[in-house]
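K.L.:
Structure for this input, please:
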Amino acid sequence: MKKISLKFLLIVGFALLYNTSIAQSPPDTVKITFAKMFPDAKNVSWAKVGPILWEGSFVYEGNTIVTKFAEDGTWIHSRKEVKIPNLPQNIVAAIKLKHPGWVIHKAKKIETAKEGIIYKVEIKKDLINKTVEYKEDGTAIAK
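P.N.:
This is a model prediction of the structure:
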């Protein structure tokens, strides 16, 4: 019985590994939506990251972008690094007001289908690091 259980677990494990981590090509629904959104994307690589989710990583307009789609082609979100000098001033001002003495370390711009644009910013003070999120208008997003 133990041998059968071990074989079963190995088969299931390999099936899951194959399904989620081996480079695959997304369905045409995803490819079509992606091509409309990012027509000049370069170096695109895809990974299936869940039962119905696909993640693409690529270079577009000089930026490395990671985007996520549902299998039916529905766009979920895209994210890219933002250099600190390019962070919108209202976001910088909101962080300085709400977190005096903290220093901005890194930032990402996340565009979502549901919430619009969100800035996810890593800040530091002494030996403490934390991540804060702001809407495009500078409103803090409570966690």
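K.L.:
contacting residues for the residue nearest to the spatial centre of the chain?
P.N.:
Centroid-nearest residue in the chain, with Cα atoms, centre = their mean: R79, separated by 4.9 Å. For R79, the contacting residues are 65-67, 108-111, 120, by Cβ atoms under 8 Å, 6 or more residues apart in numbering. Placement of C-beta: from N, CA and C, glycine included.
K.L.:
Reformat the residues you listed into TSV and put secondary structure next to each item.
P.N.:
Formatted as TSV, these follow (DSSP: H, G, I helix; E, B strand; the rest coil):
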residue	secondary structure
I65	strand
V66	strand
T67	strand
K108	strand
K109	strand
I110	strand
E111	strand
K120	strand
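K.L.:
Please list only the buried members of those.
P.N.:
65, 67, 108-111, 120 (16 or more other Cβ atoms under 10 Å).
K.L.:
Go through those residues and name the one nearest W54.
P.N.:
Within the buried ones among the contacts of R79, proximity to W54 (Cβ to Cβ) peaks at T67, which comes in at 8.9 Å.
K.L.:
right, and that closest one touches T74 too?
P.N.:
No. T67 lies out of contact with T74 (Cβ atoms under 8 Å); the separation is 11.7 Å.
K.L.:
For the protein, which residues score under the pLDDT cut-off?
P.N.:
The model of the chain has pLDDT under 70 over residues 1-23.
K.L.:
Domain parsing of it, as residue ranges.
P.N.:
Domains of the chain are assigned by automatic domain parsing as 1-71, 82-143.
K.L.:
and the gap between the residue nearest to the centre of the chain and E71?
P.N.:
Using Cβ to Cβ, to the nearest Å, one obtains 20 Å as the distance from R79 to E71.
K.L.:
List the contacts of the residue nearest to V49 when sequence neighbours are not counted.
P.N.:
The shortest distance from V49 to any non-neighbouring residue, by Cβ to Cβ, 6 or more residues apart in numbering, is to E55 (4.7 Å). Contacts for E55 (Cβ under 8 Å, 6+ apart) come out as 46-49, 66-69.
K.L.:
repeat for I104
P.N.:
By Cβ under 8 Å, 6+ apart, the contact set of I104 is 84, 87, 92, 95, 121-123.
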